[in-house]
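Q: coordinates only, sequence not included:
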């Protein structure tokens, strides 16, 4: 199929078709077809001249998601070709600038007649025009025919075009040439055929409900109705078809290079299991995690993976000094889990937010410089990568603030 030389091959073929057509006409035996930019096309020439100028290349919407014809079999995955529509402007220049006769008008009429009678570029046309200059374009092997269509432009469009060319207007006609398919250089994924469907080729299973037939997660819930879990918390995971052998809960964090797998606690069922987050402040950073359950279903020899659900791990902290005089105060936060250098950390005192002093290594101690605070009591929260420490105790009804998360300025 066609490659990156396809655009040049189309231009060369159009030039060849037009050149052959006007050369066969005795009135234009001196006629030439050029493909120069418009500001350089005429120059000092005085002969009959047609200039073919490619002024726009657009993506063809009809072919955006189509596979390359005859290149992809059912069930295979490939990258669609790059489909292009080419827009050309044909400008005529008459002999001696039409001083004696309107050669330019006659020449443009001849060119439009040629393209009207030649609405398709055949493989023979392409080979004849490109075999000497673009022998490897492979455009002649394209199954989709390349069509030439008159593209009428109104006065407004014409004036914008020629204004952009910074030239005085010359007699012209626009054409649309479509579609040029440039094949992707990425390989097609071609899986081998399936020999059996299901165990012992039993086919598909059916069930009398709309529940997913495969292991599926429905929710990951921290304890105490809290929005986030903390280190050493037991997290409850709800789902379907979680029963089996070799069950593991896999956690992943953007700062980790590989996921961490934990073993569920005893008492797991097909719809629910629990897992305890390790109290490992140097390994488990605060922030957003994804949770996946791996399970080997009865009768199977491999582990299936559920879809992933999010879980946030909140930091815990103590803040010193708990009470001091109002003014410019430096607070020291003792944090668990430790904060990594890549993480963004801020301290919120009431409605005021202060960024942590720079920390170039993993640490459990942070300092914050505060200013502009008046005397009073301030509830505090630590925000690490968008996850706040737990200020509100939601296990009580109604919820209450954690009294340990408050400092006073006198």
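A: Right, received. Where do you want to start? Model, not experiment: these values are computed from the prediction.

Q: Scan this structure for its longest helix.
A: Taking DSSP state H as the criterion, the chain has its longest helix at helix 6-23.

Q: quick one: buried residues of it?
A: 6-19, 21-22 (16 or more other CB atoms under 10 Å). Where you see a C-beta, it was placed from the backbone N, CA and C, and this is true even at glycine.

Q: before we move on, what about stretch 65-80?
A: Going by neighbour count (16+ other CB under 10 Å), the buried part of stretch 65-80 is 67, 68, 72, 78.

Q: circling back: what is the rounded mean pLDDT of the longest helix of the chain?
A: When pLDDT is averaged along helix 6-23, the result is 96.

Q: chain center to the next helix or strand after that helix, what's the gap?
A: Under the assignment DSSP states H and E, the closest C-terminal helix or strand after helix 6-23 is strand 32-34. Here strand 32-34 is found 43 Å from its chain centre; the criterion is CA atoms, centre = their mean, to the nearest Å.

Q: Downstream of strand 32-34, the next helix or strand is which one?
A: Sequence-wise, the next helix or strand downstream of strand 32-34 (DSSP H and E) is helix 38-41.

Q: Tell me the pLDDT of the nearest residue to residue 77 once chain neighbours are set aside.
A: Excluding the flanking residues, the one nearest residue 77 by CB to CB, 6 or more residues apart in numbering is residue 189, at 4.3 Å. On pLDDT, residue 189 comes in at 79.

Q: Quick check: residue 189 touching residue 76?
A: Yes - counting by CB atoms under 8 Å, residue 189 does reach residue 76; the two are 6.3 Å apart.

Q: mind listing what residue 206 touches?
A: Contact analysis of residue 206 by CB atoms under 8 Å, 6 or more residues apart in numbering lists nothing.

Q: Domains in this protein, by residue range?
A: For the chain, automatic domain parsing gives the domain ranges 6-182, 211-313, 316-409.

Q: returning to that earlier point: would you list the buried residues of stretch 65-80 in JSON lines and tack on pLDDT and distance to residue 392?
A: Shown next, in JSON lines, are these (pLDDT from 0 to 100; distance: CB to CB, whole Å):
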{"residue": "67", "pLDDT": "81", "distance to residue 392": "55"}
{"residue": "68", "pLDDT": "75", "distance to residue 392": "58"}
{"residue": "72", "pLDDT": "75", "distance to residue 392": "56"}
{"residue": "78", "pLDDT": "80", "distance to residue 392": "53"}
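
Q: Between the residues you listed, which sits nearest residue 106?
A: Nearest to residue 106 among the buried residues of stretch 65-80: residue 68, at 42.5 Å, using CB to CB.

Q: Checking the closest one next. Helix, strand or coil?
A: Taking DSSP: H, G, I helix; E, B strand; the rest coil as the rule, one finds residue 68 in the coil state.

Q: my read: it touches residue 78, true?
A: Yes - using CB under 8 Å, residue 68 makes contact with residue 78 at a distance of 6.9 Å.

Q: dump the residue contacts of the most centrally placed residue in the chain.
A: Nearest to the geometric centre of the chain sits residue 79, at 14.2 Å (CA atoms, centre = their mean). Residue 79 is in contact with 184, 186, 188, counting by CB under 8 Å, 6+ apart.

Q: quick one: the first one is in a helix?
A: No - residue state for residue 184 (three-state DSSP) corresponds to coil; a helix is not indicated.

Q: how much space between the residue nearest to it when sequence neighbours are not counted and residue 352?
A: Ranked by CB to CB, 6+ apart and with sequence neighbours excluded, the top spatial neighbour of residue 184 is residue 79, at 3.9 Å. Using CB to CB, to the nearest Å, one gets 52 Å for the distance from residue 79 to residue 352.

Q: cool, and residue 40?
A: Using CB to CB, residue 40 is found at 65 Å from residue 352.

Q: The two: who's more crowded?
A: Higher neighbour count among residue 40 and residue 352: residue 352, with 13 against 9, using other CB atoms under 10 Å.

Q: Need phi/psi at that one.
A: Main-chain torsions, residue 352, degrees, to the nearest 10: phi -110, psi 140.

Q: ok, now which ones touch it?
A: Contacts for residue 352 (CB under 8 Å, 6+ apart) come out as 370, 372, 373, 378.

Q: okay, now the first one: neighbour count?
A: A count of neighbours around residue 370, defined by other CB under 10 Å, yields 17.

Q: ok, now residue 132?
A: Residue 132 is flanked by 8 other residues according to other CB under 10 Å.

Q: Helix or strand for it, just tell me which one.
A: Secondary structure assignment for residue 132, by DSSP H and E: no helix or strand.

Q: contacting residues around it?
A: If you count contacts by CB under 8 Å, 6+ apart, residue 132 has none.

Q: quick one: it and residue 16, what's the gap?
A: Noted for residue 132: a distance of 10 Å to residue 16, by CB to CB.

Q: do residue 63 as well
A: Distance from residue 63 to residue 16, by CB to CB: 25 Å.
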